[in-house]
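Undergrad: one predicted model, sequence on top.
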Amino acid sequence: MAGGKNIRFSETKNKGMCDIGLPSGKSIFQIIADRIIRLNTLEVSKKIPVYIMTSDENYLDIKNYWKNNKFLGLD
């Protein structure tokens with residue numbers, strides 16, 4: 001997912017935090033976290049580390065989003 005300010009979608013929050021119109025209401029971050037959790041449960045998989053690249057501009061928003069959402073179920 002490309003970085004940036006999310007101007008094209010007229011949102012004030014990071015793209016990963018946005019509701020993308022799915023019936024579940026899940027954000028892009030939640031969809032990715034769900035897939036990583038599923039892969040981590042497979043016996044053939046090793047634990048998949050998660051890295052999120054941020055900028056000085058959006059670091060706190062993204063950090064707080066993950067923290068406030070209990071890291072979306074990830075360790």
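TA: Sure thing, it's come through.

Undergrad: how many neighbours does residue 29 have?
TA: Residues near residue 29, counting by other C-beta atoms under 10 Å, number 21. Glycine gets a C-beta too; all of them are placed from N, C-alpha and C.

Undergrad: quick one: mean pLDDT over the longest helix that the chain contains.
TA: Secondary structure of the chain per DSSP state H: the longest helix is helix 28-41. With pLDDT averaged residue by residue, helix 28-41 scores 92.

Undergrad: can you pull out the strands in this protein?
TA: Per DSSP state E, the chain carries no strands over any range.

Undergrad: OK, contacts around the residue most central in space within it?
TA: Residue closest to the average C-alpha location in the chain (C-alpha atoms, centre = their mean): residue 29, at 2.0 Å. Contact partners of residue 29, counting by C-beta atoms under 8 Å, 6 or more residues apart in numbering, are 16-17, 65-66, 72.

Undergrad: where does the chain have low pLDDT?
TA: Across the chain, the ranges flagged by pLDDT under 70 are 1-12, 45.

Undergrad: now do the helices in it.
TA: Taking DSSP H, the helices of the chain run over residues 28-41, 59-68.

Undergrad: just name the most buried of the ones you listed.
TA: Stretch with highest mean neighbour count among the helices of the chain: helix 28-41 (a mean of 15; mean count of other C-beta atoms under 10 Å).

Undergrad: got a markdown table for the helices of the chain, with distance to residue 47 too?
TA: Below are the helices of the chain laid out as a markdown table (distance: least, C-beta to C-beta, whole Å):
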| stretch | distance to residue 47 |
| --- | --- |
| helix 28-41 | 6 |
| helix 59-68 | 17 |
